[in-house]
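Asker: Got a sequence here, can you build the structure:
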Amino acid sequence: MGLILEVFRCSYGDCSAGGISSKYKEVTAINCEGPFDPAPDRPPVILESHVANCVRAVPVDTDGRPLRRPEHTGPMFGGCYVASSDSRFGEKVRALLGHKFYGAVALHDRYEGPAQRGD
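Answerer: Just a heads-up that it's a prediction; the model follows:
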């Protein structure tokens, strides 16, 4: 179960190189308290703190495992953000950061393999 987050896109077009933000208007944060399951039109993500004072949303499978394979780099940011007006979103981000939060978080919505990197 999780929380629905809306995907906010930039005005200059899709820069996700085929990431989930190029296909979906919403995602489901499965590590946020909420009543919603991921759906075919709302793939699962988790919110994670990957560096000090920074939180991102990354795509995962329905069990919460990263979609990254050993040859992948990433997750990569494609220019989109996710957010919800539900207070549980802010509470989760605050728990990850350790301080009050207000706003959207970056959606790192794809992983790249050797073909995308030009290896």
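Asker: alpha carbons only for contacts and neighbour counts from here, please
Answerer: Will do.
Asker: which strand in the protein runs the most residues?
Answerer: Secondary structure of the chain read by DSSP state E shows that its longest strand is strand 44-51.
Asker: Off-centre distance for that strand?
Answerer: With CA atoms, centre = their mean, to the nearest Å as the basis, strand 44-51 stands 7 Å off its chain's centre.
Asker: End to end on stretch 63-74, go ahead and measure it.
Answerer: One end of stretch 63-74 sits 19 Å from the other (CA to CA, to the nearest Å).
Asker: excluding its backbone neighbours, what's nearest residue 90?
Answerer: Spatial nearest neighbour of residue 90, chain neighbours left out: residue 101 (6.0 Å); criterion: CA to CA, 6 or more residues apart in numbering.
Asker: Next: residue 81.
Answerer: Closest to residue 81 by CA to CA, 6+ apart is residue 106, at 4.4 Å.
Asker: Which helix or strand contains that neighbour?
Answerer: Using DSSP states H and E, residue 106 sits in strand 105-107.
Asker: now for that strand, which elements pack on it?
Answerer: When contacts are defined as 3 or more CA pairs under 8 Å, 6 or more residues apart in numbering; DSSP states H and E, strand 105-107 sits against strand 54-59, strand 81-83.
Asker: Tell me how far that strand lies from the chain's centre.
Answerer: How far strand 105-107 lies from its chain's middle: 6 Å, per CA atoms, centre = their mean.
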